Structure formats: structure tokens, C-alpha cells
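Visitor: Attaching a predicted model along with its sequence, questions to come.
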Amino acid sequence: MDNNLLAQIVFYSFAVLTVGSAAVVVFSKSLIRSAFALLFTFFGVAALYAFLGADFLAAAQMVIYVGGILVLLLFGVMLTHKLYDLNLRSETFQFVPALVVAAAVFAVIVTFMLRTSWHTGPPASDAPTTAAIGELLMTDYILPFEAASILLLVAMIGAAMIVRRRSE
Amino acid sequence: MIGLGHFLVISAALFSLGIMCVLTRKNAVNVLMGVELILNSANINLVAFSKFSAGNMSGQIFAIFIIVIAAAEAAVALAIVLSMYRIIKSVDLDRADTLKG
């Protein structure tokens, strides 16, 4: 009982952290502040994965999103603005229509999610998942796994080709 | 025990915030942040359903593939943004209209 209450407190604090920092990403005027708020969103999502018993995914989320994609986005911010340019402002436009659309999408999704009676089984135990994921990637999902590795190679070569300075 | 609905509501909130970000921002890097929010919300859904379907691991495998695709997408999209900045000296998406007749 006491344990359950503790779990709920931790869950709701991470939920508020995730959604709150995502709101900062969306509504903040400063680009740098958006990027750093995204850090907390990714961290909160990793915590939610851990809450769902997906330990490998939580670690992968921390390494890839926080360590990779966020650093890449920060490079993007820094490289496309002059560093002495103090007002890294990101303009917003069509604010009210977008707010209406986003609120409508949220209302529709939540309504149908909560009305549908999902065929849920008993929640899985919190056993480590790494071994099972590795086994599935090498048996049932070997073709998507190889396709993903080729996709990464293609993306790497393509990104390097696009940003390369062309010598005349 | 935290139910499935809680995770679905968080995911829906992240998804609509991501849509809001994509629709309102003019800066290309900021739009990419919105896309990352949307991909993360899809991942939360997949992992939540994986947990509440008696430990069927397919959801987590799909989430891994989404993370892979998100990484590839971020790399290529930022390369395009840098290239665009070099050509038109701006990352304002309204000014990327070179192909417009």
C-alpha cells in the first residue's frame, strides 16, 4: 500500500516533468531554452520507460536521445546562428489556429483511447529485458535489424555528402 | 498500480505538443524538436502496450527501430538545415522558397 503510493508519486512527478518540459519546448521564445527543455523531456520519457519495465530502452533513450540527438540539435542551433547573436529568438506564427488544432487532436485521441476497451493482459513482470530483446533481434526481427543498419549507413553517408563543401 | 490509460494520456499530450511545435515554429531546428516529441510519444505508446500485453516484446523492438529512424532522421535533417543556412543565410522555413516559381 505504502509502496503503491510511493510509485504513484514518482510516476506523477515524472509525468509532470515530461509534459511540462515539452510545453517549455513548444512555448519558449528562446531557442536555447527549448533545446535544454528537450533534455528534460527525453529524461522524463526514459524514466517512463523504466517505469514500464523497459530497462534496455530506458538506457538506449538516455544514450541515443540525450547523448546523440540532443547534442546534434544543439550543434544545429549553434552552427546556424552567430554566437554573439544574443537573441536566439524563434518566431512563432499562426499561434491560435495551431493551438485549436493541437487541442482538438489531443481531445480526440484521449477520448478514443479512454473509451476503447483494450485487450490488456496482466502487466509483465519487471524482469530484465535485454536478453529477450537481443534474442528477438537475432531471430524474428533479423531482416528489419539488417535494414536498420543499412539505413543508418545510408543516412550517415548522405548527411556527410549534403554538408560537404563542394570544391570547384 | 499505474494503469495503461495514464501512459496513453501522457503520450497524447506529447503528440499534440509536438504538432503544436511543428505548426507554430518558423525555425527549422525548432520544428525538428517538435518531430522528436512526436516520435517519443509514439514510443511511449508502443512500450506501454508491450508492458500491458503480458510481456509481448514486439512493442519494445518497434520502439528500438523508431529510435534508430529518429537518429537517422535527425542527422539528415540537420545536414539539410546546415546546407540551407549556407545557401540562403537563414533557417527561417518561410524563406526556403527557392523552388517556388
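Guide: Ah, there it is.

Visitor: Just to be sure, residue A:119 is in a helix?
Guide: No - counting by DSSP: H, G, I helix; E, B strand; the rest coil, residue A:119 is not part of a helix but coil.

Visitor: list the contacts for it?
Guide: Residue A:119 makes contact with residue B:53, according to CB atoms under 8 Å, 6 or more residues apart in numbering or on different chains. Bear in mind the C-beta positions are built from the backbone N, C-alpha and C, glycine included.

Visitor: distance of residue B:59 from residue A:46?
Guide: Distance, residue B:59 to residue A:46, by CB to CB, to the nearest Å: 16 Å.

Visitor: quick one: contacts for the residue nearest in space to the middle of chain A?
Guide: What sits nearest the mean C-alpha location of chain A, by CA atoms, centre = their mean, is residue A:42, with 5.0 Å. Residue A:42 makes contact with A:61, A:62, A:65, A:66, A:70, B:40 under the criterion CB under 8 Å, 6+ apart.

Visitor: Among those residues, give me the pair with the biggest separation.
Guide: Spanning the widest gap among the contacts of residue A:42 are A:62 and B:40, at 12.8 Å by CB to CB.

Visitor: more crowded one of those two?
Guide: Of the pair residue A:62 and residue B:40, residue B:40 is the one with more neighbours under other CB atoms under 10 Å in any protein chain shown, namely 29 against 17.

Visitor: Looking at the host helix or strand of the more buried one now, give me its mean pLDDT.
Guide: Using DSSP states H and E, residue B:40 sits in helix B:28-51. For helix B:28-51, the mean pLDDT works out to 92.

Visitor: buried sites along the next helix or strand after that helix?
Guide: Using DSSP H and E, the next helix or strand after helix B:28-51 towards the C-terminus is helix B:58-88. Within helix B:58-88, the residues scored as buried using 16 or more other CB atoms under 10 Å in any protein chain shown are B:59-68, B:70-82, B:84-85.

Visitor: just those that are near chain A?
Guide: B:60-61, B:63-65, B:67-68, B:70-76, B:78-82, B:85 (CB under 8 Å from any CB of the partner chain).

Visitor: residue ranges with poor pLDDT in chain A?
Guide: By pLDDT under 70, the weakly predicted segments of chain A are A:1, A:82-90, A:167-168.
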